[in-house]
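S.K.: I need the structure of the sequence given here:
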Amino acid sequence: MIPIWKAHWGLTVDHAQWSLIGFMAAAGVSMTLSGYAIERWGIRGVLVIATTLSAIASAIGSMLTDWGSIVVIRIVSGLCAGVITPLTVSMIYQYISEEKRALAMGWWSMAAMLGPAVGPVISGWLYVQFGWSSLFMFSGLLSVFMLCCLSQISRPSVTISHAPFPLRQFVLAGTGSACVIIGLSQIHHWFGGGWIYGMVAVAGGGMLVRLVHISAVDKRPLLHWPLFKYRLWMLTMLWNGVVTLALYAGTYLMPFYLMDVQGRNAAESGWIMLFPSFVMVLLAPIVGRLYDVVGPLRLLFTGFLLMLCGSILLAYMDGSASVVSIIGAMFIRSVGISFVTTPGNHMNMVCLANENVAQGSALSSWLKQLLSACSIAIYSAIVMLGYTSVEGTVVTVNRIQAAFWVSIVFILMLVPIWWLLRNNWRQIPSSPPMMNGGQRHNYKLKTAIEKERVI
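M.R.: Below you'll find the model as predicted:
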């Protein structure tokens, strides 16, 4: 949406990206509350409240007329989204039977990818046809639809926790997250007049280090850091984190390439990005089903190769690349993304006992949010070096290519992680003969976790 804000309000990228920065910082703050909120009020109740607030914020946003107010509304929307995202993952492991969770995680991944897939097309078309306010109205309608879906879900009997709210940890987690995200988003200013942003990021990092230290000795931590003692969970977290760093290259850079380098409008850019992104969405449930057939390691390695090939093709594209070549490269990369994300997300959750899923989902989502901010900071810093702001803004194709090469470095970092996952997998004893497919893989993971618990 940054190119749309930039075009409509006449902003530089530096100013337009505050809508994204505010959203991500707010989501990073509220994600820390997910685990506690589930234990205190239950998944369904928290989701209803967060979704209702999101709908109200969207309705208000559609009526605003100044940029500052829009940034504020985006912050409110981020607070709601930060709670909603990890809770939807927790719902899968609370409401769905174990043998169907891999497929359900595929459908969840499909829904999560649907926004980036059709978002550019819908937002571009809505902006051209009805103006920028229609973007908020459409978001509000989606929130209303989600409330209708939640009304069809039964209210499970849950044990309500009355543990005191860990205010000190929340202040450290929330303030630290916001400082890190805001500070990293301005990394391109660190060595100029904006050195204060670097100090903000460092201060935020210090708060998070202090948070980890306090959580390690707390019996009921806000974020459940002891989960990292489980080796397989730590490795899957590492895999998903590096994938997140590489993933945002396409999401963040392609709209700039199509609109600023090739001079296309928002609607045209959206249609070009639609097909490969839509394929990525459709593949998610298929990959979830394949998880039970071929196992996650083969899927992860296949996705790595495809994601690497697609990214290399994008890194070699100049400003005159044809639509066919752009779609082809994005198609290969998108297929790879489906293969690395869906199995990785499911492995990350299946490593945990049911009582730890909510906390694991909250911690995983929060760390991904911080890494998302970090990746966008890296790519935007590279792109900003190609900007001039005397009369408008101009993106150089060389800077976009350089950013894609950085994403390729991140992708190559997946090789040693995959090797470690493979070695740990081999060390797990074979499962009983009557278990096969996904049940066998789930059994292996749980057996490994139980062994580590005993050790």
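S.K.: residues in contact with Trp108?
M.R.: Contacts for Trp108 (C-beta atoms under 8 Å, 6 or more residues apart in numbering) come out as 88-89, 92, 345. In this view, the C-beta of every residue, glycine as well, is placed from N, C-alpha and C.
S.K.: and it, what pLDDT?
M.R.: Looking at Trp108, its pLDDT reads 75.
S.K.: re the thing from before, out of the contacts of Trp108, list just those in helices.
M.R.: Per DSSP state H, helices hold the following members of the contacts of Trp108: 88-89, 92, 345.
S.K.: and the buried ones among those residues, selectable in ChimeraX?
M.R.: Remark: buried members of the ones in helices among the contacts of Trp108, expressed as a ChimeraX selection using 16 or more other C-beta atoms under 10 Å:
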select :88,89,92,345
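S.K.: can you add pLDDT and give the ones in helices among the contacts of Trp108 back as JSON lines?
M.R.: As requested, these are arranged in JSON lines below (pLDDT from 0 to 100):
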{"residue": "Thr88", "pLDDT": "81"}
{"residue": "Val89", "pLDDT": "77"}
{"residue": "Ile92", "pLDDT": "78"}
{"residue": "Asn345", "pLDDT": "83"}
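S.K.: compile the ones in helices among the contacts of Trp108 into JSON lines and extend it with columns for distance to Gly183.
M.R.: Shown next, in JSON lines, are the ones in helices among the contacts of Trp108 (distance: C-beta to C-beta, whole Å):
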{"residue": "Thr88", "distance to Gly183": "29"}
{"residue": "Val89", "distance to Gly183": "28"}
{"residue": "Ile92", "distance to Gly183": "34"}
{"residue": "Asn345", "distance to Gly183": "28"}
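S.K.: list just the nearest of the ones in helices among the contacts of Trp108 to Asp318.
M.R.: Nearest to Asp318 among the ones in helices among the contacts of Trp108 is Asn345, at 35.0 Å by C-beta to C-beta.
S.K.: so how far is Ser364 from that closest one?
M.R.: Computed as C-beta to C-beta, to the nearest Å, the Asn345 to Ser364 distance reads 8 Å.
S.K.: and for those two, which residues touch both?
M.R.: Overlap of the contact sets of Asn345 and Ser364 (by C-beta under 8 Å, 6+ apart) consists of 89, 240.
S.K.: on that earlier part again, and the ones in helices among the contacts of Trp108, which two are furthest apart?
M.R.: Thr88 and Asn345 (11.6 Å).
S.K.: helices along the stretch 1-150 of the chain, start to end?
M.R.: For the stretch 1-150 of the chain, the helices defined by DSSP state H, counting those that start in this stretch occupy 2-9, 13-16, 18-31, 34-41, 43-61, 67-95, 101-130, 133-151.
S.K.: looking at these, which is buried most?
M.R.: For those, average neighbour numbers computed from mean count of other C-beta atoms under 10 Å are highest in helix 18-31, which has a mean of 25.
S.K.: next one: that helix to chain centre, how far?
M.R.: 12 Å (C-alpha atoms, centre = their mean, to the nearest Å).
S.K.: tell me what that helix is packed against?
M.R.: Contact here means 3 or more C-beta pairs under 8 Å, 6 or more residues apart in numbering; DSSP states H and E; on that basis helix 18-31 packs against helix 2-9, helix 67-95, helix 167-185, helix 357-384.
S.K.: what does the third one contact?
M.R.: Counting by C-beta under 8 Å, 6+ apart, helix 167-185 makes contact with 17, 21, 24-26, 28-29, 31-33, 197-208, 210-211, 214-215, 218, 221-223, 366, 369-370, 373-374, 376-377, 380, all of which sit outside it.
S.K.: pLDDT score for the closest residue to His346 other than its chain neighbours?
M.R.: Excluding the flanking residues, the one nearest His346 by C-beta to C-beta, 6 or more residues apart in numbering is Met105, at 4.2 Å. pLDDT, the model's per-residue confidence, is 72 for Met105.
S.K.: dump the residue contacts of Met105.
M.R.: 92, 288, 342, 345-346, 349.
S.K.: mind redoing it with 7 Å?
M.R.: Residues near Met105 by C-beta atoms under 7 Å, 6 or more residues apart in numbering: 92, 288, 342, 345-346.
S.K.: which one among these gets closest to Leu258?
M.R.: Distance to Leu258 across the contacts of Met105 (C-beta to C-beta) is lowest for Thr342, with 26.7 Å.
S.K.: which residues sit in contact with the closest one?
M.R.: 105-106, 109, 284, 287-288.
S.K.: do the same with Gly241
M.R.: 367-368, 371.
S.K.: how about the residues you listed in TSV, adding distance to Ile327?
M.R.: As requested, these are exported to TSV (distance: C-beta to C-beta, whole Å):
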residue	distance to Ile327
Leu367	32
Lys368	28
Leu371	28
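S.K.: out of those, which is most surrounded?
M.R.: Lys368 (22 neighbours; other C-beta atoms under 10 Å).
S.K.: so who does the nearest residue to that one once chain neighbours are set aside touch?
M.R.: Nearest residue to Lys368 in three dimensions, chain neighbours excluded: Thr244, at 5.1 Å (C-beta to C-beta, 6+ apart). Thr244 sits next to 368, 371-372, 375 when contact means C-beta under 7 Å, 6+ apart.
S.K.: between those, which sits nearest Ile187?
M.R.: Of all the contacts of Thr244, Ser375 has the smallest distance to Ile187: 11.3 Å, by C-beta to C-beta.
S.K.: in this structure that closest one contacts Thr251, no?
M.R.: No - between Ser375 and Thr251 there is no contact under C-beta atoms under 7 Å: 9.3 Å.
S.K.: neighbour count for these two, which is higher?
M.R.: Counted by other C-beta under 10 Å, Ser375 and Thr251 do not tie: Ser375 has more neighbours, with 24 against 18.
S.K.: show me which of the contacts of Thr342 is closest to Gly270.
M.R.: Taking the contacts of Thr342 together and measuring to Gly270 by C-beta to C-beta, the closest member is Ala284, at 20.3 Å.
S.K.: in what helix or strand does the closest one lie?
M.R.: Applying DSSP states H and E as the criterion places Ala284 in helix 266-294.
S.K.: now do that helix: which elements does it pack against?
M.R.: For helix 266-294, the contact count by 3 or more C-beta pairs under 7 Å, 6 or more residues apart in numbering; DSSP states H and E identifies helix 101-130, helix 296-315, helix 323-350, helix 437-454 as packing neighbours.
S.K.: comparing these by mean pLDDT, which bottoms out?
M.R.: Across the helices and strands packed on helix 266-294, helix 437-454 gives the lowest mean pLDDT, at a mean of 44.
S.K.: using CSV, lay out the contacts of Thr342 together with distance to Cys149.
M.R.: What follows is the contacts of Thr342, written out as CSV (distance: C-beta to C-beta, whole Å):
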residue, distance to Cys149
Met105, 18
Gly106, 18
Ser109, 18
Ala284, 18
Val287, 23
Gly288, 20
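S.K.: skip the chain neighbours and tell me the closest residue to Val72.
M.R.: Per C-beta to C-beta, 6+ apart, closest to Val72 is Gly22, 7.6 Å.
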